[in-house]
Every structure is written in structure tokens, then in C-alpha cells.
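Novice: Pasting the sequence and the predicted model now:
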Amino acid sequence: MEGNKTILFGLLIAVIVFGIIFCDCTQKTTDIKLRQTGSSTVLPLAIAWAEQFEGAQIFVSGGGSSHGLNALLMKEADLVDTSRLLKNSDYKIVGCDGNLVNTDGSAMAVCCGVLPTKWIVAYDVLVVVVNNENNWAEELTYAQLYRIFTGDMPAVYWDEVPDLKEKGAPHAKIAIYAPDEASGTYDYFFGTIIKDWGNTTQETKTRLNLGDGAYNPTADDNVILDAIKSNKYAIGFFGFSYIAENPGQLKIVKIARISGEEYVGASIENIAKYPIVRPLYIYTNGVPNESTDKGKAINTYLRYILSEEGQKIVPEVGFVKMSLVDPTVLPTQLSKLN
């Protein structure tokens, strides 16, 4: 098992560093080819599943959730990995009616001949991280995160964050290194701390949109880690799986929704209590139609991902099996595929 994980990690590094497309080129008897693209967060899982699945040759790439959904709507992908829900803006960007997507990420109507259909495939823990020398922001509430990461009365210096001066926060500028706007991680994080995120009533800007130079966006988690590691006054966020691959490199901040609640650290063991847990999705064009060879392959692939065998891979790559969060999701989704 360790050997397989080493190989998969090596493939993942190749995809991230060199930007290549991973091809499932193991000796498979089928000529069916599937294209899977999207979220960089889901990428290690997608690679692992594609490597183990025998029913098709699967070409996997990253690029972000927005990129993936665009590829699905433009019929350039068969399966799309996302760490956020489909939004009206995804329809608008390809010229479709921007009022045809429900708030739960389901589509009311087709766009460009495609009906995006979501499947929850795993869960992810989103972590806020700081430099290992930071001893004043080891615990933060949503309200404090709001002051750090948004443009609503933003804290420029660490000692301007409510209640941190008393914990020894210095009068030093906050530097933020975090995902860019194309990332589902970015979308989910700000949806957690900004109540009307994504709605027409939203007035609060992110620190990135504010443009004060504090927020340094990137699509590369390696850049985030290295930047925070080398800057005592930096803070950022990304998926738990990445920090799990780099233990001890950064300090994971304990989070509480409001002051007075228990601060909880991110871990698989704390999944039931940790406040920033999100589903990870695959979107397809409708429920795969088994009347065609490709449709049958997609259907079989999804059933493999949702099977006990497919879900065993999830914690190996640093994510959370669906059964640990909501055991009702798996059978509900499988019933749609049978």
C-alpha cells in the first residue's frame, strides 16, 4: 500500500508542478476514454480513482472548479471534479440564462445541451494555517477571520484583530497567501464567513477584491505553504489533505464559530465537531446513460467511486469518507445509478 501511495503522490507532483495531464495508461483492455478535469483539491483523489478503475482509460487534469464546470458545459469533459457547487455565474459565462441554477448546485434546465448533475464523492476539511512562530493566532473565531480576510473594516495589522492584542499580537502587517477566485476552496471559505456570499445582496468584499495588496492569490498550494512558512506574519487557508502531506510545516489554527464556543482543530477524528467541512463533488451531464458504451463506463466509474472499495481510497489521500459525515448520502446516490 505504501508503494502505491508513493507512486500516486509522485504522479500528483508531476501534474501540479509541470501542468501535464495525467493519463491512466495502465494496461487496460478497454478502448473507452473518459476526460476528467476540474478542482485541484480533488485532483489527488481523481488520480487515485482513475489509476485503480479498470473500466476505462481516464485522462485526469486539474485547473480549478470553474475551469472544470466550463469544460463540462462546453462538452470538453465527461466528469468534472469540484470543491464548490455549480452557480448561476457558470451558466452566464458560456452564454446561458443565469437564473437556472438552484442554490443547492442543481440545474433547473440544460445549458449548451448539458444538464450538470452533481454527485457528492467525499468530504474535505478546510484548514486555516499560520507560521509556526505565530503564537497569538492559534485560535480564531469566524468574526476574527472576517476582519482578517474581508474588506469590511479590515485588520491591516495583527494587533487590530479583535482580542488578539491581549494575546501578544504584534503591530505587524498581515500577509495573506490563499487560493485565487477560480478555486472552489476560495468560494467555500468566503461562503463560510460572509453570510450573503454570492447573493445579489452581498456588499462585503473579500480582501482580494478590496485590492489593498494584503491578499496574494495563487492556484498552487505549494506557493501558499512556502510563503507562509517563510513569513512569521502570514496566514492562509487550503484543504486539509495538503497539510497532511506536509506535517509540521505550518501551524493549523483552531476554529470556533463564535466566541465562547470550543475551539476545534482540524483532524479526521474531530470531523463531527470541526466547523469548516465541505463536500467534494463530481458533476456529469445528467445521470449517465447506460445505453451507450461511454455512458455505461461513466455510470460504472461513479458506482466504483461510491463503493466500499472506492471509498477506502479517500482517507489514504487525506480526505474524509462520506459515511463518517452523512451515511445516508451513499445509498441515495447509488439508487440513482442502478
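Specialist: Great, that's in hand.

Novice: Return the set of buried residues in the strand ranked longest in the chain.
Specialist: What stands out as the longest strand in the chain, according to DSSP state E, is strand 116-130. Using 16 or more other Cβ atoms under 10 Å as the test for burial, strand 116-130 gives 116-130. To be clear about C-beta, it is placed using only N, CA and C from the backbone, and glycine gets the same treatment.

Novice: Would you check which pair of those residues lies furthest apart?
Specialist: T117 and V130 (38.8 Å; Cβ to Cβ).

Novice: ok, back up a step: out of the buried residues of strand 116-130, flag the one nearest to S183.
Specialist: Using Cβ to Cβ, those come closest to S183 at L126, 11.1 Å.

Novice: Run through the residues that contact the closest one.
Specialist: Going by Cβ atoms under 8 Å, 6 or more residues apart in numbering, L126 touches 185, 188-189, 192, 237-240, 266, 276-278.

Novice: which residues does it bridge with?
Specialist: G239 (DSSP bridges).

Novice: on that earlier part again, make TSV out of the contacts of L126 and add secondary structure, neighbour count and distance to T30.
Specialist: Output for the contacts of L126, formatted as TSV (DSSP: H, G, I helix; E, B strand; the rest coil; neighbours: other Cβ atoms under 10 Å; distance: Cβ to Cβ, whole Å):
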residue	secondary structure	neighbour count	distance to T30
T185	helix	26	34
Y188	helix	24	35
F189	helix	24	39
T192	helix	20	41
F237	strand	23	40
F238	strand	27	35
G239	strand	28	32
F240	helix	24	34
A266	coil	23	39
I276	coil	21	39
V277	strand	19	36
R278	strand	23	33
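
Novice: Looking at those residues, spot the one nearest L210.
Specialist: Minimum distance to L210 across these is 15.5 Å, recorded for F189 (Cβ to Cβ).

Novice: Show me the domain layout of this protein.
Specialist: 2-123+280-337, 125-256 (automatic domain parsing).

Novice: need those domains in TSV with distance to N270, can you?
Specialist: Formatted as TSV, these follow (distance: least, Cβ to Cβ, whole Å):
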stretch	distance to N270
domain 2-123+280-337	11
domain 125-256	8
